[in-house]
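> A structural model of the following input is requested.
(2 chains)
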Amino acid sequence: MKIAVLSDIHSNLEALLACLAHARYQGAEQYVFLGDLLGYGADPKACLEIIAPMVSAGAVAVMGNHDEAVLGGLCENMSFAARDAIYWTREQLGQPERDFIQTLPLVARKGNGFYVHASAAFPGRWTYIDSKIAAAKCMQASGSPLTFVGHVHHQTLYYTAGAGAAQVFVPVTSAAIPVSQHRQWLAIAGSVGQQRDGNPAAAYLLHDQQRETLTFFRVPYDYVSAAGKIRAAGLPERLARRLEKGN
Amino acid sequence: MDLTKLHPGSEFDGFRVGEKIHEGGMAVLYRVEREGADFPMLMKVPRLEFGSHPGCYVGFEVERMILGTLSGPHVPRFVARGSFEDIPYLVMEYIEGRLLHEYSDLAPLPADEAARLVAALATAVHDLHRQEVIHLDIKPANVLYRQDGRAVLVDFGLARHGHFPDLVEEEFHKPVGTSGYISPEQVMGYRDDPRSDLFALGVILYQLCTGRLPFGKPATLSGFRRRLLLDPLPPRCWVPDLPEWMQEIILHCLEVEAEKRYATAAQLAFDLTHPDHVPLTERATRHKRAGLPTIFRRWWRSLRTQPGNKAVPTSHLAQAPNILVALYTGVGQEKILRAILEVVRRAAAADANCRIIFVTMLEPDISTEQDTGHELLNSLYTRRLVELHHWAAGLQLPAHRLRFHVLEGTNAATVLLEYARQNNVDQIIMGARGSSGLRRILGSVSSRVVAEAPCTVTVVRVPGSE
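Predicted coordinates for the structure are as follows:
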């Protein structure tokens, strides 16, 4: 079974469609959405129209901090651009979309995988996994051989080595990495809808359960249209520029 | 963990366990059989009992990660991996052949015998590097030869895959490898340079030719570190009649700084199979170790620079291609020759580590039945070689980047293709069939080479010539 793990879609329809098509071509049979379906982008409804039916059909989805903020949660600590996008998104969604977001759990477990948006250690506190220490805490809390997170927009692979310590590895695009069952692995899937590393291509990862491998992918998509829609919606210019520049 | 359930005759996961072949410090090997398998197999089980070395398991995990990604005749075929009551195991092809160890026990061997063995080994190492893997523990106990002479590398417990996290480095935090064969950069903890394997090949060549290890078998870290500064005694000090080309090759492999060694195992394999073409430098006739100034320079350099290779193995190889340039040097070919050399110049400028092999064909219609035939052939051969050197000189490249070869045969395309296959050629540059003289000799050689070559082919045309 191959599972496509997509995180931080951020209402970017073009990127979502490109990643789903890519994953289908790679043979993905199951899908996981690691939260932050909304925020930043101009297509919240269209994205949910794709994701909600997939979730009803068995796909896993968890809640992210932007999704929580759209429902009325705290967004005063976000950047101005992010906050403006949250206010705008709140106006776009109807009751069915809100109901769907409301049902999303903070964490999910399926097979040997543990799925959470930010960190398994304190799922609702939206802490960032930006160090080996944060990664080790997350793996300890999840207890699963494989933990998948988003939130941090950079594709990264952490793993346990020795007594509780974690090591970090920056994956090479498209290379299948074997992940043995005899240690713990923490994969940061990267972001489908908003890049921050200077490369505008969308990011997701594929988990091949049978071969016990993880493959990190980058997928070029039509960011010109996505940025154009952000401008047309009157969302902050910074958010459109970010899609074009990738940072 | 209980290994007692694994005994001859027991069956699980479709495998029938046979005799125990080997019981080492790290792992136990059993012969196994499976219904329908057409080659012999062995099962490797790590020793995980109390008190066993903590590295046992990491080495086994690394081999499990890497072996499944490898293919081709130079590695054992991967069959399966799994667990038997929490005992992880790995099943692979059992190689029936001689260990390099059996040969090294007989050292010193004649230079051509050592060259034959290590050329086959270098070809295997190049194939491994092409698959993104650096072995990092090449030694006579880890090399086998199949019946047809091809070398097989085994034991990937310390290997490094360019796309995977390095579990070995994380586990040990100190140099790992076999003391006699480990490269200077490995001693310093760097495990990312394919040229570390070339250093081990140099040690093996030295050992086969002299019967001694160039750095002994140190047991302490300071003993390991001696090779960061001190050269080995040149092999001709031990074996005075060792050919100069062999000493040149050995000392080239054993350079302390990786960038001074051969760039790729393919280049080493080429030199070992074409000893007459190896350009000799000061290394060939050296008769003592480097003096204090060199040692001081190495020490000073070691303080300021870090070894290590930022590129993954395949990117490293891509920057050091073997380029085969086929020239027809007959009269009236100046235009096309200049056009070909222009393409070669661009390729040489792009990759400073590329090796350029100039070849030409000897016309096959010389009748050797006449008494003067052989003599005539010799003189023609020399003339072709001189012509190749003449044309290559215009490129103004250092001698160590160039090789020259006059090929003989009745079918130019067949000969070129065979030569490209045997010498790990990455690109062939040749002229189109356009010009009349070329058409006569080469016919549709280029079109057949393009169709059948195992690598990239660049066919050069003179603009506006047809």
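
> spell out which parts of chain A neighbour chain B.
A:157, A:159, A:161-162, A:167, A:169, A:171-172, A:175, A:177-178, A:180, A:182-183 (Cβ under 8 Å from any Cβ of the partner chain). Any C-beta I mention is one placed from the backbone N, CA and C, and that applies to glycine too.

> what is the nearest of the residues you listed to B:H7?
B:H7 has its nearest neighbour among these in A:H182, at 24.7 Å by Cβ to Cβ.

> give me every residue that touches the closest one.
For A:H182, the contacting residues are B:Y57, B:E61, B:P88, by Cβ atoms under 8 Å, 6 or more residues apart in numbering or on different chains.

> coming back round to it: if any of the residues of chain A next to chain B are buried, give me the ChimeraX selection for them.
Per 16 or more other Cβ atoms under 10 Å in any protein chain shown, the buried members of these correspond to this ChimeraX selection:
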select /A:157,159,161,167,169,171,175,177,178,180,183
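
> out of the residues of chain A next to chain B, which comes closest to B:F296?
Nearest to B:F296 among the residues of chain A next to chain B, with distances taken as Cβ to Cβ, is A:Q167, at 37.2 Å.

> closest point of the stretch 251-400 of chain B to chain A, which residue?
Distance from chain A to each residue of the stretch 251-400 of chain B (Cβ to the nearest Cβ) is smallest for B:V312, at 7.1 Å.

> how about that residue: what's its closest non-neighbour residue?
Once flanking residues are discounted, B:V312 sits nearest to B:G162: 3.2 Å by Cβ to Cβ, 6 or more residues apart in numbering or on different chains.

> same thing with B:V406?
B:V406's closest residue in space is B:R384 (Cβ to Cβ, 6+ apart), at 4.7 Å.

> on that earlier part again, mind checking pLDDT for the residue of the stretch 251-400 of chain B closest to chain A?
On the pLDDT scale, B:V312 is placed at 89.

> hey, where'd the helices end up in chain A?
Counting by DSSP state H, chain A has these helices, from start to end: A:13-25, A:44-56, A:65-70, A:80-92, A:95-102, A:132-142, A:223-232, A:237-245.

> skip the chain neighbours and tell me the closest residue to B:E33.
Here the residue nearest B:E33, using Cβ to Cβ, 6+ apart, is B:R16, at 4.8 Å.

> for the stretch 251-400 of chain B, what lies in contact range of chain A?
So far as Cβ under 8 Å from any Cβ goes, the stretch 251-400 of chain B lies against chain A at B:V312.

> sketch out the low-pLDDT regions of the stretch 151-300 of chain B for me.
For the stretch 151-300 of chain B, the stretches flagged by pLDDT under 70 are B:173.

> ramachandran angles for residue 10?
Using chain A. A:H10 adopts backbone torsions of phi 50, psi 50, taken as degrees, to the nearest 10.

> below-threshold pLDDT in the stretch 351-466 of chain B: ranges please.
Across the stretch 351-466 of chain B, the ranges flagged by pLDDT under 70 are B:363-374, B:433-443, B:465-466.

> show me where it has strands.
With strands called from DSSP state E, counting those that start in this stretch, the stretch 351-466 of chain B shows them at B:355-362, B:402-408, B:427-431, B:456-460.

> may I see those strands arranged in TSV, with mean neighbour count as well?
Formatted as TSV, these follow (neighbours: other Cβ atoms under 10 Å in any protein chain shown):
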stretch	mean neighbour count
strand B:355-362	22
strand B:402-408	18
strand B:427-431	24
strand B:456-460	17
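
> dump those into CSV; add distance to A:Q30 as well.
Below are these laid out as CSV (distance: least, Cβ to Cβ, whole Å):
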stretch, distance to A:Q30
strand B:355-362, 48
strand B:402-408, 54
strand B:427-431, 43
strand B:456-460, 40
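
> out of those strands, which is closest to A:A4?
Taking Cβ to Cβ, strand B:456-460 is the member of these nearest to A:A4, at 34.5 Å.

> distance check, the residue nearest to B:E33 against chain A.
To chain A, B:R16 is 25 Å away according to Cβ to the nearest Cβ, to the nearest Å.

> that residue bridge partners, please.
When bridges are called by DSSP bridges, B:R16 pairs up with B:E11, B:E33.

> so what's it up against?
B:G9, B:S10, B:V32, B:E33, B:R34.

> now list the buried members of those.
Restricting those to buried positions leaves B:V32, with burial counted as 16+ other Cβ under 10 Å.

> of the contacts of B:R16, closest to A:R241?
Within these, the smallest distance to A:R241 is 59.5 Å, found for B:R34 (Cβ to Cβ).

> can you list the strands that the lowest-mean-pLDDT helix or strand in chain A pairs with?
None of the helices or strands of chain A scores lower by mean pLDDT, DSSP states H and E than strand A:166-169, at a mean of 92. Here strand A:166-169 has these sheet partners by DSSP bridges: strand A:156-160 (antiparallel).
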